[in-house]
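Trainee: how would this look folded up:
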Amino acid sequence: MRHVARTARLAGRQAMARAFSEGKKPAKLWGGAFGEATDKTMELFNDSLPFDKRLWAADLAGSKAYAAALTEAGVIDQDQSTKMRQGLSDVRKEWADNKFVEIEGDEDIHTANERRLGDLVGTDVAGRLHTGRSRNDQVATDLRLWLRAEVHALRGLLRGLVEDARDVAGSDEAQGALMPGYTHLQRAQPVRYSHWLMSHAWAWTRDAERLDALWARSDRCPLGSGALAGHPFFDENQRKKLSDSLLFKGGPTPNSMDSVSDRDFAVEFTQWAALLGVHLSRWAEDLIIYGTKEFAFVSFGQRYSTGSSLMPQKRNPDALELLRGKAARLAGHQATLTSLLASCPSAYNKDLQEDKEPVFDAAHQLRVALEVARGVLTTTEIHPQRMRAALEPAMLATDLAEHLVRKHNVPFRETHHVAGAAVRLAEKENTSLAGLSKAQLATLHPAFENDSDADVAALWDFDRSAESRDAQGGTSLRAQKEQVAALSAWLERTRDDGPSPDAVALVTEP
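Mentor: Down below sits the predicted model:
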């Protein structure tokens, strides 16, 4: 069998050699200097069309703009430009209608589109499209155009999640539900459910701001850089006009060598995705814990839960567990890209073909994850009575220390030790902090002798404790309403940041 395979490969190479000797056009767009056919295994190893074909709309949008730029530069005439642009529109319709036929030799989206353009308008016209252009600057532009649309879509989903959190946190139920706040996963101080939820919402706003910032840095056009040395047919203003036609706000990239090798925007995107994955995972982990029978603070909607194949009583939070798992996957993508770039010398190298799948998958996973997160958030039922039942007087030990500061002007470092001694005394007496009498407290600090029984009893009021945290960002009712209003203001203030709808439409609309 190995002998047969070697014979077949040899026959193929001999056929290619005969084709060259007879003056026939090589199958590859780049094959003019080659006298042998590419090994079939090498072709599979080299070809990227199976995954980069999702750039089809971006590639065609960039080619249309490039055709117009070539016309203005006098490289092609108006008739050729009209045919070329119409042909590109026809190719786009085939992709959009799922009728584009891939054939052997289509090694990537660029060669596939140009080959099909030649089928439709003739190779004399189609063959002029690549004048002065390299797949190096072409793919760098395509990926940015594609990412622009993804950033726009992800931005909308993420902001929708923030809006959902704002709406839930703004409800009377969420603001009225007192629950234990945790540090080190140990009961710490009373907080409101709305306060806990808003703590995650504010992290998501930072994710949204980072997304806008990374796109602002990425919003520049590499097209017209050629393979690495620049464009031989454009004047000093042509790249700016080309960039404007593709609606890049930042203009053309400033250096042609950097333009074709720069993947900072891809790295930043995957780093952004990884951090958003971390934030979604932490929120999911909290809810998974709160949804256990041991806590029972929340119940999950059936539409975002699954059952057990063996134990009928189970309702598993698989949506949240998958959100938690996706964080590891997203972290892997940013590690892949940073490792990839670290070993590349200047300008374009084929290694950079490996940049796309991590970016594609990160965008896809987050599109689904954000939709699922919104569904979980809005369908989760909270149980305020169960939350309140988990509160215990020991969580008010800090309030005990603060009482001595506030009413008796005792230094906090001293009152902290007094409160700790009260905890030990309660454990020794087999009671709670609230079970200690005024006389017992007075043995720990004489200031308690000046308190009334009502003063001491008020120390163990959970609502009073929450309301005392009234500074900006605190858990009092007033502070909660202030946070909800601030989040609404943020949503309004940042509404129009990010890629413009017109720029996105270059790729998403015919």
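Trainee: residue ranges in this protein under the pLDDT threshold?
Mentor: Along the chain, the model assigns pLDDT under 70 to residues 1-32, 34-35.
Trainee: apply 50 and report the result again.
Mentor: Where the chain drops to pLDDT under 50, the residues are 1-26.
Trainee: which is the next helix or strand following the longest helix along it?
Mentor: As assigned by DSSP state H, the longest helix anywhere in the chain is helix 135-169. Sequence order places helix 172-176 as the next helix or strand after helix 135-169, per DSSP states H and E.
Trainee: tell me the helices and strands packed up against that following helix.
Mentor: strand 186-192, helix 193-218, helix 477-493 (3 or more CB pairs under 8 Å, 6 or more residues apart in numbering; DSSP states H and E). Any C-beta I mention is one placed from the backbone N, CA and C, and that applies to glycine too.
Trainee: so which of those is nearest Val456?
Mentor: Val456 sits nearest to strand 186-192 of all the helices and strands packed on helix 172-176, at 18.3 Å, using CB to CB.
Trainee: can I get the closest one as CSV, trimmed to CA atoms?
Mentor: The C-alpha coordinates for strand 186-192 follow below in CSV (Å, rounded to 0.1, in the frame of the first residue of the first chain):
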residue,chain,number,x,y,z
GLN,A,186,-17.1,32.2,55.7
ARG,A,187,-20.0,34.2,56.9
ALA,A,188,-18.8,37.8,57.3
GLN,A,189,-21.4,40.6,57.4
PRO,A,190,-25.0,41.1,56.3
VAL,A,191,-25.5,42.4,52.8
ARG,A,192,-28.4,42.7,50.4
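Trainee: just the buried positions in that strand, please.
Mentor: Within strand 186-192, the residues that count as buried by 16 or more other CB atoms under 10 Å are 187, 189-192.
Trainee: same question, stretch 389-401
Mentor: Under 16+ other CB under 10 Å, the buried positions of stretch 389-401 are 390-391, 393, 395-397, 399-401.
Trainee: what's the farthest-apart pair in the residues you listed?
Mentor: Comparing the members of the buried residues of stretch 389-401, the greatest separation, given CB to CB, is between Ala390 and Ala401, at 22.2 Å.
Trainee: over to the residue lying closest to Val359 once chain neighbours are set aside: give its phi and psi.
Mentor: Distance criterion CB to CB, 6 or more residues apart in numbering; nearest residue to Val359, sequence neighbours excluded, is Ala266 at 5.1 Å. Ala266 adopts backbone torsions of phi -70, psi -40, taken as degrees, to the nearest 10.
Trainee: got the contact list for Ala266?
Mentor: Applying CB atoms under 8 Å, 6 or more residues apart in numbering to Ala266 gives the contacts 143, 147, 337, 355, 358-359.
Trainee: quick one: which of these is nearest to Val507?
Mentor: For the contacts of Ala266, the minimum distance to Val507 (CB to CB) is 9.8 Å, reached by Leu147.
Trainee: what number of residues lie near the closest residue in space to the closest one that isn't next to it in sequence?
Mentor: Among residues not flanking Leu147 along the chain, Phe269 sits closest, at 6.3 Å (CB to CB, 6+ apart). By other CB atoms under 10 Å, the residues close to Phe269 number 27.
Trainee: let me see the contact set for Phe269.
Mentor: Contact analysis of Phe269 by CB under 8 Å, 6+ apart lists 147, 151, 214, 218, 359, 362-363.
Trainee: gap between it and Leu323?
Mentor: Per CB to CB, to the nearest Å, Phe269 is found 19 Å from Leu323.
Trainee: same thing with Gly251?
Mentor: According to CB to CB, Gly251 stands 38 Å off from Leu323.
Trainee: again, but for Pro501
Mentor: Taking CB to CB, one finds Pro501 at 29 Å from Leu323.
Trainee: give me the more crowded residue out of these two.
Mentor: More neighbours surround Leu323 than the other of Pro501 and Leu323, with 26 against 11 (other CB under 10 Å).
Trainee: surely the more buried one and Ala369 touch.
Mentor: Yes: counting by CB atoms under 8 Å, Ala369 is a contact partner of Leu323 at 5.8 Å.
Trainee: what do those two both touch?
Mentor: Common contact partners of Leu323 and Ala369 (CB under 8 Å, 6+ apart): Leu280.
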